[in-house]
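K.L.:
whatever this is, show me its structure:
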Amino acid sequence: MNEHDSENIAGLLEALGYENCDDPYKADITIINTCSVRDNADKRFFGTLGQFKKVKKSRPDFMLCVCGCMPQQPRVVEEINKRFSWVDIVFGTQNIAKLPELIEERQKTGRRVRAIVDNNPNIDEDEMKPVRMHSHKALVNITYGCNNFCTYCIVPYTRGREKSRMLSSVCDEIRSLVADGVIEVMLLGQNVDSYRDAAGHSFADLIKAVNDIEGLERIRFMTSHPKDISDEMIDCFRTCSKLCHNIHLPVQSGSDRLLKRMNRHYDRAAYLEIVDKLRSAAPDITISTDIIVGFPGETEEDFEETLDIARKVRYDSAFTFIYSPREGTPAARFEDQIPDDVCHERFDRLVDVMNAISFEKNQEYTGNIYEVIAEGVSRSDETTVSGRTDGFKLVNFTTDKSPEEIMGRKVKVRITESKTFSLEGVEVE
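P.N.:
Below you'll find the predicted structure:
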């Protein structure tokens, strides 16, 4: 979501005549886009912000902007005003389209601008012309905000109440993207399964409509919520040929007691039933998840239940986190916080289990041929190209063609080696 916000911001700046600069300390205008999900991001943000004070002092015309989730929290804006008052513009997640007006106001009046909107009901993606990171794939918002209020999560407070775009608007945007060379889209929402536009269209309706768009080859989405995923949506994995057989389905914990305390509105039995339905609709589906370790009140028995559900589901990959208290959330006020040493010990045990399962599952790919969309030169080896399978497996492969020749195109790759986090292969005709 933040990545797509950055694409939109870049598009707005380009429309004003700005060009990208690789060095944020030498640019005419620098925007720091922030995230509030983890406490570590807060610390890094204030440290980074301080590094620009000398730039501002030596170049008075240099403009520094702060945006994203952090400014949606009053304490952060207060801290900026107190310690970093020289920051030119501060705006939030819900008025990104107004950035050109904010820049003009700063330049004309000479006054520093603080523009935070708490719950904008009229966020309009049609105003944005993002500068995409990839020519062949695009991020597309279908909802904004969140209504779930999980007790550990800051998102509903930083991105506002949930709003769904019209199905027709989403499809029009995707048609325009396809005309510009896009073959893969990622539909974005804090909870895509609760999508419901003003005409009553469901997420399954949207998937089916996007599936009918000519020229599009792959559909992905994130993130699903187990409490809202419907049987009709699950059936789309069987009936919609362009829908990738991959889903990110956060479980957070395997303990019913903790799931209730997290305000997740499902239990482990319901979650496992969803997994069974998904694998019935698409036996080759890959499943990733989020898991929180050390949530307040977590006992050893609770943690063992988390390990148990990980072994039962056998996730292809997982984002594992040590619980991070976020000021303003109910869980931050719980008195039974877990000691750091216990959290880290449990975290290491969970990672060992998850990595072993990922490695075992990836071994099944060795020797087989898969369609991969080439995305770029591998970060670790300039002689290989990297890309993703339909199931979102990262593949690094060698080819006789130049990277430019196959970038953004589907190629067939035989997997020669399987690792824990990636696959190795060679292109075949």
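
K.L.:
so where's the longest helix in the protein?
P.N.:
helix 340-363 (DSSP state H).

K.L.:
distance between that helix and the chain's centre?
P.N.:
On the basis of CA atoms, centre = their mean, to the nearest Å, helix 340-363 is displaced by 22 Å from the centre of the chain it belongs to.

K.L.:
over to stretch 386-393?
P.N.:
17 Å.

K.L.:
pLDDT on it, on average?
P.N.:
For stretch 386-393, mean pLDDT rounds to 97.

K.L.:
what about that stretch, start to end distance?
P.N.:
Stretch 386-393 stretches 10 Å from its first residue to its last (CA to CA, to the nearest Å).

K.L.:
can you list contacts of that stretch?
P.N.:
Contacts to stretch 386-393, defined as CB atoms under 8 Å, 6 or more residues apart in numbering, come from residues 218, 220, 244-246, 284-286, 288, 316, 362, 365, 370-379, 394-397, 411, 413, 422-423. C-beta here means a position set from N, CA and C on the backbone, and glycine is covered the same way.

K.L.:
filter the residues you listed to the buried ones?
P.N.:
218, 220, 244-246, 285-286, 288, 316, 362, 365, 370, 372-375, 378, 394-397, 411, 413, 422-423 (16 or more other CB atoms under 10 Å).

K.L.:
where do the strands of the stretch 51-200 of the chain begin and end?
P.N.:
Taking DSSP state E, counting those that start in this stretch as the test, the strands found in the stretch 51-200 of the chain are 63-68, 89-91, 113-115, 137-141, 143-144, 163-164, 184-188.

K.L.:
sorry, wrong one. I was asking about the stretch 251-400 of the chain.
P.N.:
Under DSSP E, counting those that start in this stretch, the stretch 251-400 of the chain gives strands at 286-293, 317-322, 369-377, 385-388, 394-398.

K.L.:
where does the stretch 1-150 of the chain have low pLDDT?
P.N.:
121-127 (pLDDT under 70).

K.L.:
ok, residue 332 - contacts?
P.N.:
Applying CB under 8 Å, 6+ apart, the residues near residue 332 are 325, 326.

K.L.:
tell me the pLDDT of it.
P.N.:
Residue 332 is given a pLDDT of 95.

K.L.:
please tell me how far the residue most central in space within the chain sits from residue 149.
P.N.:
What sits nearest the mean C-alpha location of the chain, by CA atoms, centre = their mean, is residue 1, with 5.1 Å. For residue 1, the distance to residue 149 equals 18 Å [CB to CB, to the nearest Å].

K.L.:
cool, residue 84 as well?
P.N.:
Residue 84 is 30 Å from residue 149, by CB to CB.

K.L.:
of these two, who's got more company?
P.N.:
residue 84 (17 against 12; other CB atoms under 10 Å).

K.L.:
which one is that one nearest to, not counting chain neighbours?
P.N.:
The shortest distance from residue 84 to any non-neighbouring residue, by CB to CB, 6 or more residues apart in numbering, is to residue 49 (5.4 Å).

K.L.:
OK, contacts around the one you found?
P.N.:
Counted by CB under 8 Å, 6+ apart, residue 49 has contacts 32, 66, 80, 84, 87.

K.L.:
ok, and the most crowded of those?
P.N.:
The most crowded member of the contacts of residue 49, judged by other CB under 10 Å, is residue 66 (24 neighbours).

K.L.:
residue 227: neighbour count?
P.N.:
16.

K.L.:
meant to ask about residue 418, not that
P.N.:
20.

K.L.:
how close does the closest residue to it other than its chain neighbours sit to residue 412?
P.N.:
Leaving aside its sequence neighbours, residue 418 sits nearest to residue 362 (CB to CB, 6+ apart; 3.9 Å). Distance of residue 362 to residue 412, computed by CB to CB: 19 Å.

K.L.:
do the same with residue 181
P.N.:
21 Å.

K.L.:
go on, residue 297?
P.N.:
According to CB to CB, residue 297 stands 50 Å off from residue 412.

K.L.:
just residue 257 next, same as before
P.N.:
Computed as CB to CB, the residue 257 to residue 412 distance reads 48 Å.

K.L.:
circling back: okay, the strands of the stretch 251-400 of the chain in a markdown table with distance to residue 427 next?
P.N.:
A markdown table is the format used below for these (distance: least, CB to CB, whole Å):
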| stretch | distance to residue 427 |
| --- | --- |
| strand 286-293 | 22 |
| strand 317-322 | 24 |
| strand 369-377 | 8 |
| strand 385-388 | 8 |
| strand 394-398 | 6 |
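
K.L.:
quick one: which of those is nearest residue 224?
P.N.:
Evaluated over those, closeness to residue 224 peaks at strand 286-293, with 10.1 Å, by CB to CB.

K.L.:
in terms of secondary structure, what does that closest one contact?
P.N.:
strand 246-248, helix 300-313, strand 317-322, helix 340-363 (3 or more CB pairs under 8 Å, 6 or more residues apart in numbering; DSSP states H and E).

K.L.:
10 Å - rerun?
P.N.:
Where contact means 3 or more CB pairs under 10 Å, 6 or more residues apart in numbering; DSSP states H and E, strand 286-293 is packed against strand 246-248, helix 268-281, helix 300-313, strand 317-322, helix 340-363.
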